[in-house]
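**Student:** Any chance you could fold what I've pasted below:
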Amino acid sequence: MSIIIHEIHDLENRYVTDLLVKGLSESTSTIYNPNYSDKLGNIFFILDQRRFAEGRGTYYVMEKNGEMICSTGWNEYDLDPTIALGFTRLYVPEKHRRNFYASQYLTDKILDATQDYDKLWLAHGQDSLHLYDRYVYFHEHGKNKHESYSNFYSRFKPIGELEIYYTKQWVVEYIKPDENNT
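**Tutor:** Got it, this is the predicted structure:
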């Protein structure tokens, strides 16, 4: 069976919500596990509050063989409507990690959806600082033999630690292609 990409903006689609609940139940993190849906940063709380409202964001739930294999989204940054935040609340169940589903299937969707924003930022908390370090590495060293890594990571430049939604985050910014070099 092929991969299905669901696009949601809230919790109204019961099929996708149930898929998400089942897929995120293995997480012990309060930002993913549905048992913590009353917590401010939890993905179910965020979806319920409509941070991914139509025209201001989309949350993607990837399905294969009836199972969630990846979820993430993008949304307009409430505190600065010229900025979109990408790959927010990215979660990949452990058995599907290293398949690069998000970068392979969702990068172009997120880039297309956010093209009218002045900036696209990806924010990394302390628990994903190792990812921020990859952006730093590829920004400093350019592309290398790890083509799947370098094609993705080299499209972003590290801009450092900023406060995003009142939390310290390490942020990278998408480097828009020069209109003459697209």
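**Student:** Helix or strand next in line after the helix or strand of the chain with the lowest mean pLDDT, which one?
**Tutor:** Within the chain, no helix or strand scores below helix 147-153, which has a mean of 63 by mean pLDDT, DSSP states H and E. Using DSSP states H and E, the helix or strand that follows helix 147-153 in sequence is strand 156-164.
**Student:** From the contact counts, what lies against that next one?
**Tutor:** Applying 3 or more CB pairs under 8 Å, 6 or more residues apart in numbering; DSSP states H and E, we find strand 156-164 packed against strand 119-124, helix 129-141, strand 167-174. C-beta coordinates here come from the backbone N, C-alpha and C atoms, glycine included.
**Student:** switch to 6 Å and redo it
**Tutor:** When contacts are defined as 3 or more CB pairs under 6 Å, 6 or more residues apart in numbering; DSSP states H and E, strand 156-164 packs onto helix 129-141, strand 167-174.
**Student:** buried sites along the shortest one?
**Tutor:** Residues of strand 167-174 classed as buried by neighbour count (16 or more other CB atoms under 10 Å): 169, 170, 171, 172, 174.
**Student:** now for that strand, which elements pack on it?
**Tutor:** strand 119-124, strand 156-164.
**Student:** Regarding residue 50, what is its secondary structure?
**Tutor:** Here residue 50 is coil, with the state taken from DSSP: H, G, I helix; E, B strand; the rest coil.
**Student:** Not counting residues beside it along the chain, what's closest to it?
**Tutor:** Using CB to CB, 6 or more residues apart in numbering and skipping residues adjacent in sequence, the residue nearest residue 50 is residue 10, 5.3 Å away.
**Student:** and that neighbour, what helix or strand is that in?
**Tutor:** Here residue 10 is assigned to no helix or strand, by DSSP H and E.
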